[in-house]
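Asker: pasted the sequence and its predicted model underneath.
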Amino acid sequence: MIDRRRFLTGSLAAGFCAAARPASAQVFQGGTSPLTDPVQIGLMGPFTGPDRGLGEQMANGVRQAFDEANRGTSIFQRPVQFRTYDDIDDIGVAQQVAQFAAGDGVSAAIGHLRADTTVFALQRYYQSRLPLLVPTTTADDVTAKNYDTVFRLLTKDTVEGQLGALDAIKVLKVSSTVVVSQAASYGPAVAAGFLQEFNAAKGASAAQVVVDLEKPDWAAAVAAVAAHSPQAVYFAGVSERLGPLLGALRAAGYTGLFAASQGFWNETTVKSYAKQAEGMVASTSMPLLALAPQVRFDVDAYQARYGGMTPVAAFCYAAAQIIAQAVKTTGGGSRSALRAAIAQGSFDTVVGSFRFTPQGDPLEPNLYFYELRNGGWVYRRAARNTGFLVK
């Protein structure tokens, strides 16, 4: 089965196996002055191996957020400091580092990068009552067990599909769609959410076409789509796999709309399918920060230090902000106090405001819709107008 799409990275991850090794941590203070009695936070991700560049983005976001938080700390408040735990993007190692962090004086954790590494380690965090902020995965499984120690920032797959359906009905003004998906780790839950929401609307009808994952038959897929004469085709999957269907549909004479989940919001779609996908509307959890003047200082400070703020860095920055605000609220760093503060609090971050449901998902999940025009993604609207963006 294809590895789950890491939407925020802009590239398809290839799963790999690595030999298990003893867990260890590297401490990052940030800033230039020694910290007195800091609250220790764990950052779990790939800091060696093929995905170490993404791990660096995670660390950059957390480091910058904590440095900014510590600058505003009074002598009566505890600063925050983080340690990296290298899971090398491996599920076995992810469990090891979660267990190691549980006994390493860490008060909360941020990670992991991928859905499977996160899901396999969840029970360890729950058993040790270690709060975990999950910044970069949308899999429904992350919050499906209702662990009260888990808090996810991204909009989950099922809700992405539901919000995508509402956008298709209310904004794109279509009443008939075909949802295209595959039996992969990403896509089925999005498709299910879209179909449920769209078919619940009066006068709306959505059908589904499932393309074989290993041996896709594009001609058969085109015929199956055409049989429904849809006004729009919604792609619930990844462009690296389903992208060829764009050209096949256009070549067969389909002139309707294309919409897609965040598996298409990437450079692959732009570089490989810009002409065929012209006008496509794709969703993502990533807002256009240039339209959020209230976080301009944070973004500018990050960019001056590290360059462009990637989505991975942005959501890890936000996770660190939530923890830093919880530390400030509680005045300390116990796991139970931080868990309660995060569960009950409201937090303003670089990617928007957050409150969490008892299951650990955003109380007000949001998506941002971008349109592919002239070889680039152009921001169009948010699913929910929260006032975070000026447009």
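Answerer: Yes, it's here.

Asker: tell me the secondary structure at Ile41.
Answerer: Assigned by DSSP: H, G, I helix; E, B strand; the rest coil, the conformation of Ile41 is strand.

Asker: show the pLDDT at it.
Answerer: Note on Ile41: pLDDT of 98.

Asker: from memory it sits against Gly105, does it?
Answerer: No: using CB atoms under 8 Å as the test, Ile41 is too far from Gly105 to be in contact (10.5 Å). (Glycine included, C-beta is placed from N, CA and C.)

Asker: neighbour count winner among the two?
Answerer: Ile41 (27 against 12; other CB atoms under 10 Å).

Asker: what number of residues lie near the nearest residue to the more buried one once chain neighbours are set aside?
Answerer: In space, not counting the residues next to it along the chain, Ile41 is nearest to Phe82; the distance is 4.5 Å by CB to CB, 6 or more residues apart in numbering. Phe82 has 28 neighbouring residues, counting by other CB under 10 Å.

Asker: same check, this time on Arg381
Answerer: Neighbour count of Arg381, defined by other CB under 10 Å: 16.

Asker: what sits against it?
Answerer: With contacts defined as CB atoms under 8 Å, 6 or more residues apart in numbering, Arg381 is in contact with 167, 171, 368-369, 391.

Asker: the residue nearest to Ile41 sits in which helix or strand?
Answerer: strand 80-86 (DSSP states H and E).

Asker: what about the nearest residue to Phe194 once chain neighbours are set aside, distance to Glu197?
Answerer: Spatially, and ignoring its direct neighbours in sequence, Phe194 is nearest to Gly161 (3.7 Å; CB to CB, 6+ apart). From Gly161 across to Glu197, the span is 7 Å (CB to CB, to the nearest Å).

Asker: who has more neighbours, these two?
Answerer: Using other CB under 10 Å, the more surrounded residue of Gly161 and Glu197 is Gly161, with 28 against 21.

Asker: before we move on, back to that, I'd like the average pLDDT over the strand holding Phe82.
Answerer: Averaged over strand 80-86, pLDDT sits at 97.

Asker: what of stretch 211-220?
Answerer: 98.

Asker: export stretch 111-123 as CSV, just CAs?
Answerer: C-alpha atoms of stretch 111-123 as CSV (Å, rounded to 0.1, in the frame of the first residue of the first chain):
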residue,chain,number,x,y,z
GLY,A,111,5.4,15.0,16.5
HIS,A,112,5.6,12.7,14.7
LEU,A,113,6.0,13.7,11.0
ARG,A,114,3.9,10.9,9.4
ALA,A,115,0.6,9.2,10.3
ASP,A,116,1.9,5.7,10.8
THR,A,117,4.8,6.7,13.0
THR,A,118,2.4,8.8,15.1
VAL,A,119,-0.4,6.2,15.3
PHE,A,120,2.0,3.4,16.3
ALA,A,121,3.4,5.5,19.2
LEU,A,122,0.1,6.9,20.5
GLN,A,123,-0.4,4.4,23.2
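
Asker: and it, what's buried?
Answerer: 111-122 (16 or more other CB atoms under 10 Å).

Asker: picking that back up, check which helix or strand the residue nearest to Phe194 maps to.
Answerer: Using DSSP H and E, Gly161 falls in helix 157-170.

Asker: ok, and the closest non-adjacent residue to Pro362?
Answerer: Phe354 (5.8 Å).

Asker: widest-spaced pair of the buried residues of stretch 111-123?
Answerer: Between any two of these, the greatest separation by CB to CB is 14.4 Å, found for Leu113 and Leu122.

Asker: can you tell me how far Gly53 sits from Lys145?
Answerer: Counting by CB to CB, the gap from Gly53 to Lys145 is 31 Å.

Asker: just Asp217 next, same as before
Answerer: 37 Å.

Asker: isn't Gly164 right next to Leu367, touching?
Answerer: Yes: between Gly164 and Leu367 there is a contact under CB under 8 Å: 7.3 Å.

Asker: who has more neighbours out of the two?
Answerer: Neighbours were counted for Gly164 and for Leu367 using other CB under 10 Å; Gly164 has more, 31 against 25.
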